[in-house]
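Peer 1: Pasted the sequence and its predicted model underneath.
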Amino acid sequence: MNIRIRLTLLFMLLVASILLLFSFSVYYLYDQFRQQEFQQRLEEKAYTMVRLREDVGEVPQADLPAMVDEQVTIYNSKKVVVYNRGNQRPRFPVSADFLNKTALGQPQYIQEDSIEAVGVRHINLRGEPLLIIASGKDRYGFSKLGRLREILLFGWLLSLGIVGIAGYLFASDALRPVSELIAQVNSISATNIHQRVYVGRQSDELADLAHTFNDLLSRLEEAFILQKSFVSHASHELRTPLTVMMGHIEVTRLQSRSREEYEVTLDALLDEVKSMIRLVNGLLELARARTDTAASTNQPVRIDELLWQAQSLILHNNPDYQINIDFENLPDQEEELVIIGEGSLLQTAFQNLMENGCKYSPDKRVSVGISFERGQVQITFTDQGYGIPRAELSHIFEPFYRSESTMTIKGHGIGLALTQRIIELHKGQIEVKSVVGKGSTFRVTLPIPYGSKADSDDTYKSIEAAKTDS
Ligand code: ADP
């Protein structure tokens with residue numbers, strides 16, 4: 001069942017229930033009114049009869065307007081019938097209990113099938129109490145009630161039909177933009193992912209939906225393009241060293257070489273193979289960081305240990321690098337240094353930032369500072385290197401992006417993309433500030449689950465201090 005039909009049916013159900021309630025109320029109230037009115041007429045009839053009988057002695061048959069199946073019975077105080085009028089049918093049967101209640105003075109009412117009766121008490125001129133039971137059939141009242149019932153039923157059915165048609169038209173009109181939206185969305189595929197949906201009404205929920213969908217399309221398009229360029233960049237990065245290696249091998253094979261020449265060629269090949277391994281490892285790490293499986297292996301890890309391990313690994317491979325980490329202002333409580341995450345991934349991220357700081361600085365030096373805020377740790381990696389041009393700052397986190405100015409330095413452009421992904425995976429942030437010719441500062445912020453240290457200037461590790469120390 002589509003939404004249009006469901007809305008129409010719901011609308012009909014609602015209106016039908018309201019109308020039904022209204023009709024029942026009208027019918028019930030009118031029935032009450034009819035009953036009261038007839039009761040009054042019966043009481044009047046009973047009193048008129050007894051007074052006429054007292055005044056005139058006998059009640060003239062044709063003088064009073066008669067009701068259908070009318071009958072008036074008068075009982076004396078001993079409940080013996082002293083007068084009965086109305087011969088069309090047997091006397092209206094009243095119970096002794098009914099007569100007793102009437103004798104107390106309150107007018108009584110009873111209905112049996114379509115016959116209604118009223119019992120009243122009257123004190124005659126001699127001071128004797130008389131009980132008068134007047135009964136009859138309210139033919140006109142019931143026929144009016146029947147007519148009212150027909151009118152209400154007919155009116156209810158008619159309004160139901162009108163409500164059904166109006167509800168369907170209303171639902172169709174309200175849902176037209178949705179149908180248009182569906183048609184537009186259906187026309188978008190991988191070949192025209194740049195296309196966006198259009199909704200005329202500018203400020204309603206459907207416009208919001210269209211905007212949300214357009215935002216989603218933009219993100220998908222971005223990811224799609226990134227994916228496409230990622231594959232071509234990866235192929236290119238892998239083809240370059242392979243071409244270089246092929247060149248080396250072909251040139252070497254042109255003639256027989258001396259042992260030294262073979263060694264030189266093999267060293268060159270080894271360099272290229274190492275570079276390829278680094279690239280492939282980087283790509284694997286990136287793929288690993290992109291899946292959320294990494295998050296499932298989360299464990300408590302100490303920030304200072306990760307930094308220290310990253311530092312010693314880099315210095316082992318590059319003894320000419322200088323990495324100064326300020327461990328002086330660490331918090332007293334050990335748990336304030338612990339974050340929840342994947343240790344090996346975080347270490348890779350810190351390694352990339354330290355390595356970049358040294359790699360892109362003539363003095364091959366980077367200062368690492370740690371500061372703690374309430375529930376957060378900030379780690380800064382500062383170098384006084386070449387810096388990054390402002391226009392390139394927004395691109396350096398894209399996979400395979402390399403600045404023109406640093407093309408001569410070895411690299412594949414994977415490191416920062418991987419680092420950013422790892423930090424995001426740990427619900428952290430990475431920011432960069434850089435001035436060309438002066439240096440760059442990368443700042444990583446990560447949440448500390450157990451930390452509660454209050455903000456204090458003393459807890460900050462100043463980058464300047466780190467530089468002075470070194
Ligand atoms: P790679 O270092 O392998 O080229 P990255 O993703 O680590 O790849 O870095 C991307 C680019 O960002 C680098 O090519 C470089 O131009 C620039 N960059 C990164 N870190 C720094 C830094 N500390 N100083 C200057 N430029 C940097």
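Peer 2: Right, received. Where do you want to start?

Peer 1: any idea how far the residue nearest to Tyr321 when sequence neighbours are not counted lies from the ligand?
Peer 2: In this structure, Tyr321 finds its nearest non-sequential neighbour in Cys358, 4.0 Å apart by C-beta to C-beta, 6 or more residues apart in numbering. C-betas here are computed from N, CA, C, even on glycine. As judged by C-beta to the nearest ligand atom, to the nearest Å, Cys358 and the ligand stand 8 Å apart.

Peer 1: list the contacts for the single nearest residue of the stretch 51-200 of the chain relative to the ligand?
Peer 2: Per C-beta to the nearest ligand atom, Ile193 is where the stretch 51-200 of the chain lies closest to the ligand, at 26.7 Å. For Ile193, the contact set (C-beta atoms under 8 Å, 6 or more residues apart in numbering) comprises Leu217, Leu220, Glu221, Phe224.

Peer 1: Then Leu131?
Peer 2: Ile74, Tyr75, Asn76, Lys79, Leu99, Thr102, Ala103, Gly119, Val120, Arg121, His122.

Peer 1: ditto for Lys78
Peer 2: Here Lys78 is in contact with no residue (C-beta under 8 Å, 6+ apart).

Peer 1: Assign a three-state SS to the closest residue to the ligand within the stretch 201-350 of the chain, would you?
Peer 2: Proximity of the stretch 201-350 of the chain to the ligand (C-beta to the nearest ligand atom) peaks at Gly282, 7.9 Å away. Here Gly282 is helix, with the state taken from DSSP: H, G, I helix; E, B strand; the rest coil.

Peer 1: Could you tell me how many residues sit around it?
Peer 2: Using other C-beta atoms under 10 Å, Gly282 has 22 other residues around it.

Peer 1: and the end-to-end length of stretch 432-441?
Peer 2: 6 Å (C-alpha to C-alpha, to the nearest Å).

Peer 1: Quickly check: the helix or strand harbouring Leu313 near the ligand or not.
Peer 2: Under the criterion of DSSP states H and E, Leu313 resides in helix 303-317. No: counting by C-beta under 6 Å from any ligand atom, the ligand is not contacted by helix 303-317; separation bottoms out at 13.1 Å.

Peer 1: helix or strand right after that helix?
Peer 2: strand 322-325.

Peer 1: in that following strand, what's buried?
Peer 2: Ile323, Ile325 (16 or more other C-beta atoms under 10 Å).

Peer 1: Just say helix, strand or coil for Leu131.
Peer 2: Criterion first, three-state DSSP; result for Leu131: strand.

Peer 1: how much space is there between Val50 and Leu131?
Peer 2: 10 Å (C-beta to C-beta, to the nearest Å).

Peer 1: shared neighbours of those two, anything?
Peer 2: What both Val50 and Leu131 touch, as defined by C-beta under 8 Å, 6+ apart, is the set Ile74, His122.

Peer 1: tell me the average confidence for the longest helix seen in the chain?
Peer 2: Longest helix of the chain, by residue count under DSSP state H: helix 3-56. For helix 3-56, mean pLDDT rounds to 92.

Peer 1: And for whatever helix or strand comes next after it, what's in contact with it?
Peer 2: Later in the chain than helix 3-56, the nearest helix or strand by DSSP H and E is strand 68-75. Around strand 68-75, the neighbours that count as contacts under C-beta under 8 Å, 6+ apart are 45-46, 49-50, 53, 81-86, 88-89, 91-92, 99, 115, 130-139.

Peer 1: Please produce a PyMOL select command covering the buried subset of those residues.
Peer 2: With 16+ other C-beta under 10 Å as the criterion, this PyMOL line picks the buried residues out of these:
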select buried, resi 45+46+49+50+53+83+85+86+92+99+115+130+131+132+133+134+135+136+137+138
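
Peer 1: If we check the ligand, which of the contacts of strand 68-75 are in contact?
Peer 2: For the ligand, no contacts are drawn from the contacts of strand 68-75 by C-beta under 6 Å from any ligand atom.

Peer 1: returning to what we had before: show me the contacts of Ile193 that map onto helices.
Peer 2: Leu217, Leu220, Glu221, Phe224.

Peer 1: Sort out for me which of the contacts of Leu131 are in strands.
Peer 2: Among the contacts of Leu131, the ones falling in strands (DSSP state E) are Ile74, Tyr75, Gly119, Val120, Arg121, His122.

Peer 1: okay if I get the residues you listed as a markdown table plus pLDDT and neighbour count?
Peer 2: Converted to a markdown table, the ones in strands among the contacts of Leu131 look like this (pLDDT from 0 to 100; neighbours: other C-beta atoms under 10 Å):
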| residue | pLDDT | neighbour count |
| --- | --- | --- |
| Ile74 | 90 | 21 |
| Tyr75 | 90 | 22 |
| Gly119 | 94 | 26 |
| Val120 | 94 | 21 |
| Arg121 | 93 | 20 |
| His122 | 92 | 16 |
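
Peer 1: In CSV: these, plus distance to Leu307.
Peer 2: Compiled in CSV, the ones in strands among the contacts of Leu131 are given as follows (distance: C-beta to C-beta, whole Å):
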residue, distance to Leu307
Ile74, 115
Tyr75, 112
Gly119, 104
Val120, 106
Arg121, 107
His122, 111
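
Peer 1: What is the nearest of those residues to Asn352?
Peer 2: Gly119 (104.4 Å; C-beta to C-beta).

Peer 1: Neighbours of the residue lying closest to that closest one once chain neighbours are set aside, how many?
Peer 2: Nearest residue to Gly119, sequence neighbours excluded (C-beta to C-beta, 6+ apart): Thr102, at 3.6 Å. Counted with other C-beta under 10 Å, residues neighbouring Thr102 total 22.

Peer 1: Report pLDDT for Thr102.
Peer 2: 89.

Peer 1: This protein against the ligand: which residues are in contact?
Peer 2: Counting by C-beta under 6 Å from any ligand atom, the chain sits next to the ligand at 352, 356-357, 360, 383, 385-388, 396, 401-403, 406, 411-417, 440.

Peer 1: Could you list which of those residues belong to helices?
Peer 2: Per DSSP H, the residues of the chain next to the ligand map to helices at Asn352, Asn356, Gly357, Gly415, Leu416, Ala417.

Peer 1: Of those residues, select the buried ones using a ChimeraX command.
Peer 2: Buried residues within those, by 16+ other C-beta under 10 Å, are selected in ChimeraX with:
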select :352,356,357,415,416,417
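
Peer 1: Quick check: the farthest pair among the ones in helices among the residues of the chain next to the ligand?
Peer 2: Gly357 and Ala417 (17.1 Å).

Peer 1: Distance of the residue most central in space within the chain relative to Glu180?
Peer 2: Taking C-alpha atoms, centre = their mean, the centroid of the chain lies closest to Leu209, which sits 12.7 Å from it. Distance, Leu209 to Glu180, using C-beta to C-beta: 12 Å.

Peer 1: Over to Leu279?
Peer 2: 48 Å.
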